[in-house]
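Chemist: Generate a structure from the sequence data that follows.
(one chain, ligands or ions: 1)
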Amino acid sequence: MPVSISSAFDSGNIEVVRKASETDWVLRIAKDAGGRFFQWFHFRLAGARGLPVVLRIVGLNGSAYPEGWPGYAARISADRIRWTTAETHFEKGSDDGTLTIRVTPASDFLWIAYFAPYPLERHFDLVSRMALKPGFSARVLGLSLDGRPIDLLEVGDGPCPVWIYARQHPGETMAEWFMEGLLEALADPACASARLVRRAARLHLVPNMNPDGAFRGYLRTNAAGANLNREWADPSPERAPEVLAVRRAMDETGVAFALDVHGDESLPHNFIAGFEGIPTLRPGQLERLHRFTERLALHAPEFQTAVGYPPSLPGKANLGMSTNQLAERFGCVAATLEMPFKDCAELPAPETQWSPARAKALARSTLAALADLLPELR
Ligand code: ZN
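Modeler: Take a look at the predicted model:
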């Protein structure tokens with residue numbers, strides 16, 4: 001049987017440029033709709049058991065985050081459950097930026113991805129499983145451009161409206177692994193933080209805001225090529241119905257605390273970005289955000305506050321971004337949580353680098369930090 005490569009499945013993305021030999025492949029990443037962004041890849045190598053295979057992904061200097069490749073290691077899995085790192089090397093000067101991945105599969109099938117994938121089928125498994133848990137309910141906020149549901153899970157008996165949402169950028173799959181960990185913790189009767197939060201708050205949880213991008217194997221946009229996290233100021237039904245549906249539901253419930261969950265391609269850290277530059281900062285609003293990030297750093301040794309994005313200058317915040325829009329609109333505490341694609345420099349784990357299990361553990365710590373903050377939000 002010849003060696004083959006395919007990405008024609010849920011969340012797949014790769015194009016074969018050239019098969020130089022059975023064990024030497026030149027590949028490239030297909031662009032998101034709109035033709036601007038690419039970085040996410042996910043494909044299956046078949047028929048290469050025991051063969052040393054070289055996979056060269058070329059043209060990466062034009063990717064969305066070229067600085068994301070040095071120090072990065074591709075993720076591989078034989079069973080699609082356990083994901084580890086592959087020997088990976090980036091050369092900026094070769095074929096307009098080449099990522100070389102070397103593997104010798106122990107199995108007939110090897111799955112290779114930018115990060116452990118979170119396919120849309122797993123999303124539907126997650127929301128269906130969680131909707132059955134005591135105290136949970138689920139509803140559809142609206143439809144994506146391709147007609148996929150924007151699913152919302154709700155839980156909690158308290159008056160404080162909390163929104164946590166993920167995967168505006170579909171290639172940042174760690175964000176939905178985080179949501180899986182958060183939902184499982186909230187359903188765990190032994191989790192004291194979850195019980196505190198459920199008593200004080202009503203939680204509105206959107207595990208995947210961009211199902212079209214997730215299914216199509218995109219990094220950053222929806223089916224219309226829109227970067228959803230730039231559409232929050234004036235979302236239109238033609239360009240960003242996903243944002244419009246979520247923002248409308250937020251207007252109905254109000255928002256006291258909002259967390260937007262992402263991955264960062266370049267920085268080897270977990271960090272929070274805030275809303276420093278919004279036009280109308282309320283008294284105590286930024287202080288409450290800082291209290292939350294300090295508490296998160298105490299609960300999660302893998303989270304830190306020293307490295308992150310520079311805050312925007314007074315009055316210069318981009319209100320198309322959800323964290324800024326919600327902080328301005330509701331006067332609430334809003335934050336963007338970024339997790340790494342690389343490793344976490346504070347506590348490295350070279351065999352997996354950042355991983356689904358670590359994202360899920362961070363979600364539990366986040367719940368503990370939220371429990372600490374809730375008395376201030378009433
Ligand atoms: Zn993002």
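
Chemist: okay, the closest residue to residue 270 other than its chain neighbours: pLDDT?
Modeler: Nearest non-adjacent residue to residue 270, counting by Cβ to Cβ, 6 or more residues apart in numbering: residue 303, 4.4 Å away. Where C-beta positions appear, they are placed from N, C-alpha and C, glycine not excepted. Turning to residue 303, the model gives it a pLDDT of 98.

Chemist: Could you pull up phi and psi at residue 303?
Modeler: phi -100, psi 140 (degrees, to the nearest 10).

Chemist: Relative to the ion, how far out is it?
Modeler: 17 Å (Cβ to the ion, to the nearest Å).

Chemist: before we move on, what about residue 105?
Modeler: Distance of residue 105 to the ion, given as Cβ to the ion: 31 Å.

Chemist: Around that residue, how many other residues sit close by?
Modeler: 21 (other Cβ atoms under 10 Å).

Chemist: ok, and what's touching the helix or strand where residue 184 lies?
Modeler: Here residue 184, judged by DSSP states H and E, is contained in helix 174-186. With Cβ atoms under 8 Å, 6 or more residues apart in numbering as the test, helix 174-186 has contacts from 115-116, 118, 122-123, 126, 130, 153, 155-156, 164, 166-167, 169, 191, 193-194, 197-198, 203, 205, 207-208, 261-263, 337, 339, 341, 354, 356, 359-364, 366-367.

Chemist: in the helix or strand that that helix is followed by, what's buried?
Modeler: Per DSSP H and E, the first helix or strand lying C-terminal to helix 174-186 is helix 192-200. Neighbour-count burial for helix 192-200 flags 193-194, 196-198, 200 (criterion: 16 or more other Cβ atoms under 10 Å).

Chemist: Mind giving me the packing neighbours of the helix or strand just after helix 192-200?
Modeler: Where DSSP H and E defines the elements, the next helix or strand beyond helix 192-200 is strand 201-206. Where contact means 3 or more Cβ pairs under 8 Å, 6 or more residues apart in numbering; DSSP states H and E, strand 201-206 is packed against strand 149-155, strand 160-166, helix 174-186, helix 241-253, helix 356-377.

Chemist: beta partners for residue 44?
Modeler: residue 6, residue 111 (DSSP bridges).

Chemist: and it, how many neighbours does it have?
Modeler: So residue 44, with other Cβ under 10 Å, has 18 neighbours.

Chemist: who's in contact with it?
Modeler: 5-7, 9, 12, 109-112.

Chemist: One more: residue 214?
Modeler: Residue 214 neighbours (Cβ under 8 Å, 6+ apart): 11, 118-120, 123, 167, 170, 208.

Chemist: change it to 6 Å
Modeler: 11, 120, 170, 208 (Cβ atoms under 6 Å, 6 or more residues apart in numbering).

Chemist: quick check, nearest of the contacts of residue 44 to residue 281?
Modeler: In terms of Cβ to Cβ, no member of those lies closer to residue 281 than residue 12, at 43.8 Å.

Chemist: Just to check, the closest one is in contact with residue 217?
Modeler: Yes. If you go by Cβ atoms under 6 Å, residue 12 and residue 217 touch, sitting 5.1 Å apart.

Chemist: In a markdown table: the contacts of residue 44, plus pLDDT, neighbour count and distance to the ion.
Modeler: What follows is the contacts of residue 44, written out as a markdown table (pLDDT from 0 to 100; neighbours: other Cβ atoms under 10 Å; distance: Cβ to the ion, whole Å):
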| residue | pLDDT | neighbour count | distance to the ion |
| --- | --- | --- | --- |
| 5 | 98 | 19 | 27 |
| 6 | 98 | 12 | 27 |
| 7 | 98 | 20 | 22 |
| 9 | 98 | 14 | 23 |
| 12 | 98 | 21 | 20 |
| 109 | 98 | 15 | 30 |
| 110 | 98 | 21 | 28 |
| 111 | 98 | 21 | 23 |
| 112 | 98 | 25 | 22 |
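
Chemist: Now do the helices in the stretch 251-378 of the chain.
Modeler: 285-299, 322-330, 356-377 (DSSP state H, counting those that start in this stretch).

Chemist: what's the distance between the first one and the middle of its chain?
Modeler: In this case it means helix 285-299. 21 Å (Cα atoms, centre = their mean, to the nearest Å).

Chemist: in it, what counts as buried?
Modeler: 285-286, 288-289, 291-293, 295-297, 299.

Chemist: go on, stretch 90-99?
Modeler: Buried residues in stretch 90-99 (16+ other Cβ under 10 Å): 90, 97-99.

Chemist: low-scoring stretches of the protein, by residue?
Modeler: Where the chain drops to pLDDT under 70, the residues are 378.

Chemist: domain ranges for it?
Modeler: 4-113, 120-377 (automatic domain parsing).

Chemist: Ends of the shortest one, what's the gap?
Modeler: This stretch, domain 4-113, spans 16 Å end to end (Cα to Cα, to the nearest Å).

Chemist: how far does that domain sit from the chain's center?
Modeler: For domain 4-113, the distance to the chain centre is 20 Å (Cα atoms, centre = their mean).

Chemist: Against residue 49, how distant is the nearest residue to residue 51 once chain neighbours are set aside?
Modeler: Of all residues not flanking residue 51 in the chain, residue 23 sits nearest, at 5.2 Å (Cβ to Cβ, 6+ apart). Here residue 23 is placed at a distance of 12 Å from residue 49 (Cβ to Cβ, to the nearest Å).

Chemist: Same check on residue 234?
Modeler: 53 Å.

Chemist: Could you do residue 116 as well?
Modeler: Residue 116 is 22 Å from residue 49, by Cβ to Cβ.

Chemist: Comparing those two, which shows the higher neighbour count?
Modeler: Taking other Cβ under 10 Å, residue 116 and residue 49 do not tie; residue 116 has more neighbours (23 against 14).

Chemist: Skipping its backbone neighbours, what lies nearest the more buried one in space?
Modeler: residue 83 (4.2 Å).

Chemist: so who does the one you found touch?
Modeler: So residue 83 contacts 75, 77, 116 (Cβ under 6 Å, 6+ apart).
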